[in-house]
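**Student:** With the input below, show me the fold.
(2 chains)
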Amino acid sequence: MAISEIRIPDVGEGVAQVELVEWQVKPGDTVREDDVLAAVMTDKATVEIPSLFTGTVVELGAEVGETVAVGSTLLTIEHDGEGNTAAPAQEAEPPAPEPAPAPSVQPVEATKPAPAKSGAATQAVGSVGSVGSARAPRAEGGQPLASPSVRKRARDGGIDLRQVAGTGPAGRISHDDLDAVFERGPGAAPQGPASRRREGGEDIRVIGLRRKISDRMSLANTRIPHITVIEEIDVTAVEDLRAAMNADKGDKPKLTMLPFIAAALARAVQTHPEMNAHFDDDAGVVHRSNPVHIGIATMTDNGLIVPVLRHAEALGPFAAAAEIARLADAARTGKATRHELTGSTITITSLGPLGALATTPIINHPEVAILGVNKMSVRPMWDGQQFVPRKMMNISASFDHRVVDGWDAASFVALMKKLLENPAMIFMESE
Amino acid sequence: MMKRETCKVLVIGAGPGGYVCAIRAGQLGLDTIVVEEKTPGGTCLNVGCIPSKALIHAAEEFHIATRFAAPNDLGITASAPEIDLGQTMAWKDGIVKRLTGGVGGLLKKAKVRTVYGRANLIDGKTVDVDSPDGPVRISAENIVIATGSRPQAIPTLPFGGDILSSTEALSLTRVPGRLSIVGGGYIGLEIGTAMAKLGAKVTVVEAASRILPQYDADLTRPVLKRLEHLGVTVLADARADGHSDGVLTVTTAEGQTAIPSDKNLVTVGRAPVTDGFGLEGLGLTMTGRFVDVDAQCRTSMQGVYAIGDVTGDPMLAHRAMAQGTLVAEVIAGESRSWDKRAIPAVCFTDPEIVTVGSLPDGSTNQAVAMFPFAGNGRAMTLGRDDGFVRVVFDKTTELVTGIQAVGVGVSEMAGEFALALEMAATVTDIAETIHAHPTLGETVQEAALKGLGRALHI
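**Tutor:** Coordinates of the predicted model:
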């Protein structure tokens, strides 16, 4: 047997350090080659680190949330064959996995655990499966077995202990059992009367993607003076066009509103190249971009991710729709590559049916413009003679007011309105 | 003109329940007044637990000295002792004064105002007190009834003259030559044993078939044996019919007997104090003689709470104290509920009895393990190895559901017993806990080991 270190691999693109966001193993765990050991996060992508050996985890080299340098030790593993560590580590007595404690005394006849009754045991909320085991279910109507401090904590936390299964002797409920209930969050155990006052709270470490989002939002909102322009758009025509194209799409992906908005945006920045740019405020230079790489703000289980629709200026609606769908899926499943997550020149943020009447989007630094898409609804509009039902949708666009004047911002939004209300103009060459 | 006061919490009665409630309320920053008719400390400190324990201690000391006046195992020779019971009572009164003064100080420290005088409930928010400084009307957001209990009288033997309640018995300045005690519960036996040790000829008259009828015969047997040794006569299945001219008339199965007695102590129980202070006017829901309360000690009227002996059995100071704490915290808005698993009960008889939790009831799922003090070295060195510790537990889960003991000094084990039940200890938990050697407490561990089939010292 030997002990080897597994180091943080070079994840490319000049990344020198990563943040450890998740451990998949703990000391004492047995792992096989290629099993995932941990997840680390670079600027935008999460990378899983596989094991190079089959063996037993000896020691972890960092804590979740820590920033670690590429090449530093992630963990040490005990395995067959030759190790790669310095001699002292090998000399150290490796801790053998602890054998399950064997009962030293045979229980007398009277104290043998009773077979678990299926009903009572499975209905109880806190059964933790393999982690310990209650010796017997508590009798129906019996008082929960727990120390006074556990009972007090449960009452303060609004947990009804009668619904919590204990893992201790005789089904005793421990602080750990209670921790498990609290961790599962509200609704895990039936609450007492709704009128009870609740005390305390929960501390959640801001790590991983959430920390990245936090840093980037702070940067954008503290450095960039935002101006937000909100305009309403009659999307009846573009909706009619979308319906007609979907009716005739054949094998092509179904079109949503987003490809049309992306196309309108790509079109509008031809007239307003100042909007498709990065502002390097340290250098005092605005880099206008010829390609239109549109960031598509996407909600995932872990938080906000912005995959990039590259060269939107060169994509037709169906191609854009297919690419957007692919990117969104990659982002949600964590498969998005670094390339797919960087390099946007302007960003669209849309919450679909949750899009509200208006929003104040925060610019994706160092870009200078972001387009927020609000909810579409049918509203009565005055056409000069009468009210007619029209499909209406608002857009809320924010601009970096240091380099975009209010006049330009308003002109750009007005152009977006014109394009989306007259969709044919999106797809015709400008003069 | 009537003086007016307002407060957040008004506690009626400064006994163990009331004063603890008031102190806790004061600690929690609630504006609190406690009304007390006599002295802080209630029955417990003034005429109950503490004075009786002082008397029991003095009697035991005297009894030991008496033993040394005769040939004894220890080889100690002393001349025949005498006791000045008046001096003993003065010593006892000093202890009581120290304790009640201490309670007064604690109340003050907790910024609780104490109003002396008899309270009279006007409604669920208003109480009048005829204090020595004149009448006071107190308006309170919350009222806590903690009026306690008083000795129960029986019609054939009304208190007065030679018919004593425990209160008078604990203030006697001369040892009565012949003392009869009607009621063989723990109060009668505690005082009766002490008086017997002080030289009185004691007769106990008990209506049930044996003394301390709420306990099982195993627990009471050592006490009965000791009473016999002390020359106390116990009449079971006996009824006291009356007392006249220094003779107590008692009816037993054999017929009527006359028991000459200089003093008669009536200890047939205690009755809750629910009258004489306007409680009837509130029309609270009652459970029998007691005020009905829920798990927050709330009565049927909003903002009116009750704690202690007025709320029912067991009428014990430590129960009242726990209820007092609970009510103060409930009023302060904390989420509290009565969820105690164990209320220990102690008889300071000789030997003492402690019971916590369930007694053996013969059910099939219950296991009982008993270990005698005869197998305990410390008991032998104390010169008393009578009695035992008994652990009652669930056969299936090993959960300890009750612990009892009878023996000299076992009252000090009550804490361990109660802790075991509150912590939901199993027999193994107790068996695997090191109990110091040589102490009486080893017997608890041995009883648990015996329950597991592996006692060492038997």
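**Student:** Need phi/psi at the closest residue to chain A within the stretch 51-200 of chain B.
**Tutor:** Closest contact between the stretch 51-200 of chain B and chain A, by C-beta to the nearest C-beta, is at residue B:142 (17.0 Å). Yep, even glycine has a C-beta here, placed from its N, CA and C like the rest. Main-chain torsions, residue B:142, degrees, to the nearest 10: phi -130, psi 140.
**Student:** Next: residue A:416.
**Tutor:** According to degrees, to the nearest 10, residue A:416 has phi -60, psi -40.
**Student:** Show the contacting residues for it.
**Tutor:** Residue A:416 makes contacts with A:231, A:233, A:264, A:265, A:268, A:371, A:395, A:397, as judged by C-beta atoms under 8 Å, 6 or more residues apart in numbering or on different chains.
**Student:** The fourth one sits in which helix or strand?
**Tutor:** Counting by DSSP states H and E, the secondary-structure element that holds residue A:265 is helix A:257-271.
**Student:** pLDDT on that helix, on average?
**Tutor:** In this model, helix A:257-271 has a mean pLDDT of 93.
**Student:** need the helices for the stretch 51-200 of chain A, in chain order.
**Tutor:** Ranges of helices in the stretch 51-200 of chain A, per DSSP state H, counting those that start in this stretch, are A:87-91, A:118-123, A:148-156, A:175-184.
**Student:** which bits of chain B sit near chain A?
**Tutor:** Neighbours of chain A within chain B, by C-beta under 8 Å from any C-beta of the partner chain: B:333-337, B:339, B:341, B:367, B:394-399, B:422-424, B:426-429, B:452-454.
**Student:** ok, back up a step: need the contacts of residue A:416 in JSON lines (columns: neighbour count and distance to chain B).
**Tutor:** Shown next, in JSON lines, are the contacts of residue A:416 (neighbours: other C-beta atoms under 10 Å in any protein chain shown; distance: C-beta to the nearest C-beta, whole Å):
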{"residue": "A:231", "neighbour count": "16", "distance to chain B": "51"}
{"residue": "A:233", "neighbour count": "23", "distance to chain B": "53"}
{"residue": "A:264", "neighbour count": "25", "distance to chain B": "57"}
{"residue": "A:265", "neighbour count": "28", "distance to chain B": "55"}
{"residue": "A:268", "neighbour count": "26", "distance to chain B": "59"}
{"residue": "A:371", "neighbour count": "25", "distance to chain B": "50"}
{"residue": "A:395", "neighbour count": "27", "distance to chain B": "49"}
{"residue": "A:397", "neighbour count": "25", "distance to chain B": "49"}
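**Student:** what's the farthest-apart pair in these?
**Tutor:** A:231 and A:265 (13.8 Å; C-beta to C-beta).
**Student:** What count of nearby residues applies to residue A:417?
**Tutor:** By other C-beta atoms under 10 Å in any protein chain shown, the residues close to residue A:417 number 17.
**Student:** ditto for residue B:284
**Tutor:** Neighbours of residue B:284 (other C-beta under 10 Å): 18.
**Student:** now do residue A:316
**Tutor:** Neighbours of residue A:316 using other C-beta under 10 Å come to 12.
**Student:** Could you find the closest non-adjacent residue to the one residue in the stretch 1-150 of chain B that gets nearest to chain A?
**Tutor:** Here the stretch 1-150 of chain B gets closest to chain A at one residue, residue B:28, 14.1 Å apart by C-beta to the nearest C-beta. Nearest residue to residue B:28, sequence neighbours excluded (C-beta to C-beta, 6 or more residues apart in numbering or on different chains): residue B:332, at 4.2 Å.
**Student:** Check residue B:288 too.
**Tutor:** residue B:312 (7.7 Å).
**Student:** number of nearby residues for the closest residue to residue B:268 other than its chain neighbours?
**Tutor:** Nearest non-adjacent residue to residue B:268, counting by C-beta to C-beta, 6+ apart: residue B:183, 3.9 Å away. Using other C-beta under 10 Å, the number of residues around residue B:183 comes to 25.
**Student:** Please list all residues in contact with residue B:183.
**Tutor:** Counting by C-beta under 8 Å, 6+ apart, residue B:183 has contacts B:205, B:206, B:207, B:266, B:267, B:268, B:269.
**Student:** Show me which residues of the helix holding residue A:265 are buried.
**Tutor:** A:257-269 (16 or more other C-beta atoms under 10 Å in any protein chain shown).
**Student:** Return the per-residue confidence for residue A:116.
**Tutor:** At residue A:116, pLDDT is 38.
**Student:** still on that earlier bit, state the distance from the residue nearest to residue B:288 to residue B:322.
**Tutor:** Between residue B:312 and residue B:322 the computed distance is 14 Å (C-beta to C-beta, to the nearest Å).
**Student:** if you average pLDDT over the helix or strand residue B:46 falls within, what comes out?
**Tutor:** Following DSSP H and E, one finds residue B:46 within helix B:42-47. Per-residue pLDDT over helix B:42-47 has a mean of 95.
**Student:** What are the contacting residues of that helix?
**Tutor:** When contacts are defined by C-beta under 8 Å, 6+ apart, helix B:42-47 is touched by residues B:13-19, B:38-39, B:48-50, B:96, B:99-100, B:103, B:148-150, B:166-167, B:170, B:317.
**Student:** which helices and strands sit right next to whatever helix or strand residue B:62 lives in?
**Tutor:** Assigned by DSSP H and E, residue B:62 belongs to helix B:49-68. Secondary-structure packing of helix B:49-68 (3 or more C-beta pairs under 8 Å, 6 or more residues apart in numbering or on different chains; DSSP states H and E): helix B:85-109, helix B:186-197.
**Student:** between that helix and helix B:186-197, how many degrees?
**Tutor:** 30 degrees (axes from the mean of the first three to the mean of the last three C-alpha atoms, to 10 degrees).
**Student:** circling back to that earlier point, quick check on the contacts of helix B:42-47: which are buried?
**Tutor:** Burial by neighbour count, judged by 16+ other C-beta under 10 Å, picks out B:13-19, B:39, B:48-50, B:96, B:99-100, B:103, B:148-150, B:166, B:170, B:317 from those.
**Student:** Any idea what residue A:390 is bridged to?
**Tutor:** Using DSSP bridges, the bridge partners assigned to residue A:390 are residue A:379.
**Student:** How about the contacts made by it?
**Tutor:** So residue A:390 contacts A:234, A:236, A:378, A:379, A:380, A:381 (C-beta under 8 Å, 6+ apart).
**Student:** okay, the residues you listed in a markdown table with distance to residue A:5 next?
**Tutor:** Formatted as a markdown table, the contacts of residue A:390 follow (distance: C-beta to C-beta, whole Å):
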| residue | distance to residue A:5 |
| --- | --- |
| A:234 | 64 |
| A:236 | 64 |
| A:378 | 63 |
| A:379 | 64 |
| A:380 | 70 |
| A:381 | 68 |
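**Student:** Show me which of the residues you listed are buried.
**Tutor:** A:234, A:236.
**Student:** Now tabulate the contacts of residue A:390 in JSON lines and tack on pLDDT and distance to residue A:340.
**Tutor:** Shown next, in JSON lines, are these (pLDDT from 0 to 100; distance: C-beta to C-beta, whole Å):
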{"residue": "A:234", "pLDDT": "95", "distance to residue A:340": "34"}
{"residue": "A:236", "pLDDT": "94", "distance to residue A:340": "34"}
{"residue": "A:378", "pLDDT": "93", "distance to residue A:340": "36"}
{"residue": "A:379", "pLDDT": "93", "distance to residue A:340": "37"}
{"residue": "A:380", "pLDDT": "94", "distance to residue A:340": "42"}
{"residue": "A:381", "pLDDT": "93", "distance to residue A:340": "40"}
